[in-house]
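A.B. asks: The sequence and its predicted three-dimensional model are supplied below.
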Amino acid sequence: MIAVFQSELYRVRKSKIFIVCLSLALLFVLALVLSYNFEQVRAHEKGEISGTPSIAGFTEYLFSDYSILSPLLLFLIIHITSDFKQGLYPVLLSKGVKRTDILWGKLLSCLCAMVLYLGVCLVFAYTLIITTWANISKIGVPIFEIGTYLFIQFLSLGAYTTFVLMICYLLRNRTVSFFVNVFLLGVLWLHLTKIGTALDMSYPLYQYWIVGLSHGLQIEQIPQYIDRIVITIASYFIISIVVTRITFSHFDIKHLEKGKL
């Protein structure tokens, strides 16, 4: 498994698609920083809003939509389905590599890519908001609470990564996987922002019903609902990994030919 993981991690580091997606994500982060500076900082200075801009508020603002998530989704789909498209799995199996090692190597490489991706985006975001236009010095809440919030976001995106892996392994076709994942993400956004509002579903577990991809989670909610949030995220980790493992164990990889997917 270690050898497969190292190989996959090398592919991530050398991937031009990863660099392109990360660059796109940084552009989205820049747009979010400019928007927060205009909507919160400048508006507060002009007396148009009563709330005081803070690092905590900016942290919640970063995850208020799916801007950061979208490029990551694109990279994951390409990275995962490329092995089927290139016919890599039959080669690995013919060399005696176990399916379990292949699966865990791929999963861990995707999780590492996600951590690197989100880490770079966060460093870039906080550097911009603290040192440039806004120059925010007020933290708003204890650093520990902000750190806990960010840790939960890492877990959430990790669970979402396993979910995308599951969809790609179930479908194995890049185009189909892309449209299905985008469709599910669109349904999630519509459900959280439109249907949920219409039905007055505002409790945190509902907002976190799928791997924490909520537009409305607030830092103050975490201490009270941490158990529900963790259970929800853990469920998505477990279900996605189990389904992927079963799927990968049963379909006949050896008869897959390059160009058929």
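C.D. replies: Here it is on my side, so go on.
A.B. asks: What are the neighbouring residues in contact with the residue nearest to R174 when sequence neighbours are not counted?
C.D. replies: Spatial nearest neighbour of R174, chain neighbours left out: T81 (4.1 Å); criterion: CB to CB, 6 or more residues apart in numbering. (Glycine included, C-beta is placed from N, CA and C.) Residues near T81 by CB atoms under 8 Å, 6 or more residues apart in numbering: C168, R172, N173, R174, S177, L261.
A.B. asks: Give me the buried subset of these.
C.D. replies: Neighbour-count burial within those applies to C168, R172, R174, S177, L261; the criterion is 16 or more other CB atoms under 10 Å.
A.B. asks: Surely the fourth one and L171 touch.
C.D. replies: Yes - here S177 reaches L171: they are 4.7 Å apart, a contact under CB atoms under 8 Å.
A.B. asks: Average pLDDT for stretch 86-97, rounded please.
C.D. replies: Mean per-residue pLDDT for stretch 86-97: 79.
A.B. asks: got the end-to-end distance for that stretch?
C.D. replies: Criterion CA to CA, to the nearest Å; first-to-last residue distance in stretch 86-97 is 17 Å.
A.B. asks: re earlier: any idea how far the residue nearest to R174 lies from M1?
C.D. replies: 21 Å (CB to CB, to the nearest Å).
A.B. asks: need the longest helix for the chain.
C.D. replies: helix 99-131 (DSSP state H).
A.B. asks: Show me what that helix is packed against.
C.D. replies: If you count contacts as 3 or more CB pairs under 8 Å, 6 or more residues apart in numbering; DSSP states H and E, helix 99-131 packs onto helix 2-13, helix 16-36, helix 55-62, helix 69-85, helix 88-94, helix 143-171, helix 222-250.
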